[in-house]
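need coordinates for the below:
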Amino acid sequence: MRTFRPISAALAAFLLGSASFTATAAESSDETPSPKEFEDAIAALDKIDPNAPAALAARLEYADVLAGSAGDDCRQRLDKAQSILDGVGANPAFVVALPGGRAREENIEYRIHLARASCGGNPPTRDSELREALGAAQRAVELYRDALDYQSAAISQFNAASTHRLLGDDDLSIASLEIALDMDR
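The predicted structure follows:
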């Protein structure tokens with residue numbers, strides 16, 4: 001996705017008479033919002049409609065940020081991300097409000113399990129988390145493919161290949177990587 005500089009976005013908004021471009025400029029900032037900012041935004045959206053696409057998407061984004069951030073106690077952060085993700089997935093409006101949401105949910109699930117695997121656990125826990133991550137990546141491939149989002153499907157296939165490698169399954173890793181390359185073509 002092309003990012004706009006604030007001045008370009010303001011000019012485009014002026015010329016086209018659309019406020020949506022200024023929102024794009026604000027969203028294209030390189031800074032990730034803080035957890036407090038996410039929580040405040042989600043609370044504000046919940047006051048309007050907790051089942052609205054924007055509210056559900058904000059929760060997914062927050063879980064995704066928590067899954068990928070560093071610092072703090074990784075177990076606590078990842079448990080919070082999982083709790084948010086479980087709450088979104090359990091919401092009956094989720095499938096209707098965000099048509100590609102299930103694929104994104106599986107991708108975030110993959111990231112949570114992958115992060116847990118490297119969060120200082122013992123080897124059996126690490127392997128279990130990696131297997132959970134692999135399953136989530138494989139489900140994401142199918143869901144992205146069903147949603148006709150082939151670029152995301154190829155990335156998820158690459159994630160599956162790299163997870164096979166982390167599990168020590170070199171042959172499966174190579175086969176999965178070849179599939180990812182074919183998908184990317």
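
dump the residue contacts of the closest residue to residue 100 other than its chain neighbours.
Nearest residue to residue 100 in three dimensions, chain neighbours excluded: residue 147, at 4.7 Å (CB to CB, 6 or more residues apart in numbering). Placement of C-beta: from N, CA and C, glycine included. If a contact means CB atoms under 8 Å, 6 or more residues apart in numbering, then residue 147 has 99-100, 103 as its contacts.

how about the helices in the protein?
Per DSSP state H, the chain carries helices over the ranges 6-16, 20-27, 35-48, 53-68, 74-90, 93-97, 101-117, 123-146, 150-166, 170-184.

looking at the ones you listed, which is buried most?
Using mean count of other CB atoms under 10 Å, the stretch among these with the largest mean neighbour count is helix 101-117, at a mean of 23.

possible to save the helices of the chain as TSV with mean pLDDT?
As requested, those are arranged in TSV below (pLDDT from 0 to 100):
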stretch	mean pLDDT
helix 6-16	31
helix 20-27	35
helix 35-48	91
helix 53-68	93
helix 74-90	93
helix 93-97	88
helix 101-117	95
helix 123-146	94
helix 150-166	95
helix 170-184	91
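
CA-only coordinates of stretch 55-63 in CSV, if you can.
Only the C-alpha atoms of stretch 55-63 are listed here, as CSV (Å, rounded to 0.1, in the frame of the first residue of the first chain):
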residue,chain,number,x,y,z
ALA,A,55,-14.3,-1.9,16.6
LEU,A,56,-13.6,-5.4,15.6
ALA,A,57,-10.7,-4.4,13.3
ALA,A,58,-9.2,-2.3,16.1
ARG,A,59,-9.2,-5.3,18.4
LEU,A,60,-7.5,-7.4,15.7
GLU,A,61,-4.9,-4.7,15.2
TYR,A,62,-4.3,-4.5,19.0
ALA,A,63,-3.8,-8.2,19.3
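
just to revisit the earlier point, quick one: the residue nearest to residue 100 from residue 132, how far?
In this structure, residue 147 lies at 22 Å from residue 132, with CB to CB, to the nearest Å as the measure.

so what's residue 164 up against?
134, 170, 172-173, 176.

ok, which pair from these is furthest apart?
Of all pairs drawn from the contacts of residue 164, the one with the largest separation by CB to CB is 134 and 170; the distance is 14.2 Å.

show the contacting residues for the residue lying closest to residue 88 once chain neighbours are set aside.
Here the nearest residue to residue 88 in space, its sequence neighbours aside, is residue 59; by CB to CB, 6+ apart that works out to 4.8 Å. Applying CB under 8 Å, 6+ apart, we find residue 59 in contact with 42, 84, 87-88.
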